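Peer 1: Any chance you can model this:
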Amino acid sequence: MTLLRSLLGAALLMTASVSAHAYTECTGRVARIFADSSVYVWFDNGLTWQKAAWFGSTTVELQSQATVKNILAVATTGMTTGRSVTVRFVADGVSCSGDKQALEVWGVYLNAT
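Peer 2: So this is what the prediction gives:
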């Protein structure tokens, strides 16, 4: 019974921490992409953002490099198909216009339209 309570308590704490995480989502159509070891994206609404990779051979660094490749693929698909892309910033309350290259990007969505 104690094990069940512990598992239930841990599950509730994890759920609360995820739902309490603040972030900002901004949507636009990709107008321009630049990629080197990072990916830089310009939206048609004036928003500019980037995702930089961490280099090395640890698991976290390799995941970071894979994330940049995935974001580049989604942004390129959005640009070539004319579909909008939604970028999620880690920070809450980010303005969806202007240069946001200094902010951490969590990930991107490819939208249906």
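
Peer 1: From now on I want contacts and neighbour counts done on CA atoms only, so please keep to that.
Peer 2: Fine.

Peer 1: need the helices for the chain, in chain order.
Peer 2: With DSSP state H, the ranges of helices along the chain come out as 2-19, 59-81.

Peer 1: Show me how far the last one is from its chain's centre.
Peer 2: When C-alpha coordinates are averaged (Cα atoms, centre = their mean, to the nearest Å), helix 59-81 and its chain have centres 10 Å apart.

Peer 1: Lowest average confidence across the helices of the chain, which one?
Peer 2: Note on the helices of the chain: lowest mean pLDDT is at helix 2-19, with a mean of 53.

Peer 1: what's the burial count for residue 71?
Peer 2: Neighbourhood size, residue 71 [other Cα atoms under 10 Å]: 24.

Peer 1: That one contacts residue 107, doesn't it?
Peer 2: Yes - counting by Cα atoms under 8 Å, residue 107 is a contact partner of residue 71 at 7.0 Å.

Peer 1: Could you find the closest non-adjacent residue to residue 47?
Peer 2: Using Cα to Cα, 6 or more residues apart in numbering and skipping the chain neighbours, the partner closest in space to residue 47 is residue 97 (4.2 Å).

Peer 1: Same check on residue 79?
Peer 2: Excluding its sequence neighbours, the residue lying closest to residue 79 (Cα to Cα, 6+ apart) is residue 30, at 5.1 Å.

Peer 1: residue contacts, the one you found?
Peer 2: 41-44, 75-76, 78-79, 82, 84-85 (Cα atoms under 8 Å, 6 or more residues apart in numbering).

Peer 1: Narrow those residues to those that are buried.
Peer 2: 41-43, 75-76, 78-79, 84-85 (16 or more other Cα atoms under 10 Å).

Peer 1: closest to residue 22 among the residues you listed?
Peer 2: Using Cα to Cα, residue 85 is the member of the buried ones among the contacts of residue 30 that lies nearest residue 22, at 19.7 Å.

Peer 1: what bridges to the closest one?
Peer 2: residue 28, residue 110 (DSSP bridges).

Peer 1: correct me, but it touches residue 77?
Peer 2: No - with contact defined as Cα under 8 Å, residue 85 does not count as touching residue 77 (9.2 Å).

Peer 1: any shared contact partners between those two?
Peer 2: Joint contacts of residue 85 and residue 77 (Cα under 8 Å, 6+ apart) are residue 110.
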